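Undergrad: the following comprises the amino acid sequence and a computationally predicted model.
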Amino acid sequence: MNGLRLNPQLLRVPLYIAGKSAEQVSQELGLGEVLKLCSNENPLGSSPMAIAALRDMLPKAHRYPGIAERELRSGLVTYYRNGLTEQHIIVGSGATDVLRIVAQAFIFDGGEAVMCRVTFPLFALLTTMYGGRAIRVDPRPDYRFDLPAMADAITAQTRIVWLCSPNNPTGLVLSQAEVDEFIESLPEHVVVVFDEAYCDYVTDPNCVDSLQYVRQGRNVVTVRSFSKSAGLANLRIGYGIAPPDLIEYLMHTVLPFSTGALAMVAARASLDDRTFRRRSRELVQQERAFLFARLSEMGLTCLPSQANFLLVVDPPLDVPALVDALLHQGVIVRPMAGFGLPNAFRVTVGLREQNERFLAALRTALAEASVTPA
């Protein structure tokens, strides 16, 4: 690249390091079947109705997307009802693309974005990518968002507040009461983004309903995904819900044909696959409780997650060493240093036999390090 004029802002953007694939670990370590519990994927696979729609659409793969986006937005309106229209919805190539759309739209001229220090690292990455300043606020001692402190961090330069509920990597949710108070305190020049990729797994009745703010016409964008309960992570399809005037503005950042019809028709079909979505939710809720109980019995500290993963904090063995010991047994979990928690790891909730295999590997790793589980 000698002689090229590089964008200095991009050079300040840290690279997002995704978890290793099972195939990569198998090849690197010469292992057989590798259990991947690091990326929060659906252990049941993909929605059968989505797969069928995808198969039907494949012969048209040579065509540019036609009415697939409109049909997906129409399907989402039917799915949510209660006052939403197609004009409330924007579609992207994954929830991360919708987050990118919002960042590009609002982070300019050195604007700031406020976020928790322990949350999805893409928020800070996107803020920096578009020339903004990431304002990180420490969580409370219980790892929950400190909304009053985040409100105090807002200035005249603040453009976005990033909220994640359930939060990745903690799995903790925001309550309706605390967010109501927070929203009322915000100045008009701030847009609040709710990343709700894991909302389908929530059972807490006090969890915030961010769509009510959209229906009230507030400066709010709710971002959701088809990657989790629909099992379509590889297709990269997500969407945002916001007041129509806000959606109209965000559309200025969307490139033509940026989301393929294959992904959109699969996503639309998955909305009708209520049986698969229900099975996905019920599996996670049941196995999440099982894993939490077993890990607690071992004397490990887990946060009360409402997502399809659990966060284990302060294990009795150094986290990098523990993660590596599990890796050499063919079990991949995610260390959380990149999420602001060097003393923690995250494990995806799997099928019962997968969870049992993880627990057995964990016991072995702790025993070999002369750490006796409780």
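TA: Good, I have the coordinates.

Undergrad: helices along the stretch 51-200 of the chain, start to end?
TA: 68-80, 95-106, 122-129, 147-152, 176-185 (DSSP state H, counting those that start in this stretch).

Undergrad: spit out the contact partners of the nearest residue in space to residue 167 that is not next to it in sequence.
TA: Using C-beta to C-beta, 6 or more residues apart in numbering and skipping residues adjacent in sequence, the residue nearest residue 167 is residue 119, 5.7 Å away. Placement of C-beta: from N, CA and C, glycine included. With contacts defined as C-beta atoms under 8 Å, 6 or more residues apart in numbering, residue 119 is in contact with 162, 164, 167-169, 339-340.

Undergrad: what's the answer for residue 224, then?
TA: 95, 196-197, 199, 238-241.

Undergrad: export the helices of the stretch 51-200 of the chain as JSON lines, with columns for mean pLDDT and mean neighbour count.
TA: JSON lines is the format used below for the helices of the stretch 51-200 of the chain (pLDDT from 0 to 100; neighbours: other C-beta atoms under 10 Å):
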{"stretch": "helix 68-80", "mean pLDDT": "96", "mean neighbour count": "18"}
{"stretch": "helix 95-106", "mean pLDDT": "98", "mean neighbour count": "23"}
{"stretch": "helix 122-129", "mean pLDDT": "96", "mean neighbour count": "21"}
{"stretch": "helix 147-152", "mean pLDDT": "98", "mean neighbour count": "17"}
{"stretch": "helix 176-185", "mean pLDDT": "98", "mean neighbour count": "15"}
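
Undergrad: residue 42 is nearest to which of those?
TA: helix 95-106 (14.7 Å; C-beta to C-beta).

Undergrad: okay, the angle between the closest one and helix 122-129?
TA: 40 degrees (axes from the mean of the first three to the mean of the last three C-alpha atoms, to 10 degrees).

Undergrad: ok, residues contacting helix 95-106?
TA: Residues from elsewhere that reach helix 95-106 (C-beta under 8 Å, 6+ apart): 90, 92, 113, 122-123, 126-127, 129-130, 132, 159-160, 191, 193, 195, 197, 221, 223-225, 227, 236, 238-240, 249-250, 252-254, 258-259.

Undergrad: of the contacts of residue 119, buried ones?
TA: 162, 164, 167-169, 339-340 (16 or more other C-beta atoms under 10 Å).

Undergrad: now, the most widely separated pair of these?
TA: Farthest pair in these, by C-beta to C-beta: 162 and 169, 14.4 Å.

Undergrad: contacting residues around the nearest residue to residue 295 once chain neighbours are set aside?
TA: Distances taken as C-beta to C-beta, 6+ apart place residue 302 nearest to residue 295, at 5.1 Å, with adjacent residues excluded. By C-beta under 8 Å, 6+ apart, the residues touching residue 302 are 291-292, 295-296, 310-313.

Undergrad: again, 7 Å this time
TA: The contact partners of residue 302, taken as C-beta atoms under 7 Å, 6 or more residues apart in numbering, are 292, 295-296, 310-312.

Undergrad: hang on, the earlier thing: kindly reformat the contacts of residue 224 as TSV containing distance to residue 360.
TA: Output for the contacts of residue 224, formatted as TSV (distance: C-beta to C-beta, whole Å):
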residue	distance to residue 360
95	33
196	33
197	30
199	32
238	35
239	39
240	41
241	42
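
Undergrad: what is the nearest of these to residue 329?
TA: For these, the closest approach to residue 329 (C-beta to C-beta) belongs to residue 197, at 28.8 Å.

Undergrad: spatially nearest residue to the closest one (excluding sequence neighbours)?
TA: Counting by C-beta to C-beta, 6+ apart, residue 225 is the residue found nearest to residue 197 once chain neighbours are left out, at 4.2 Å.
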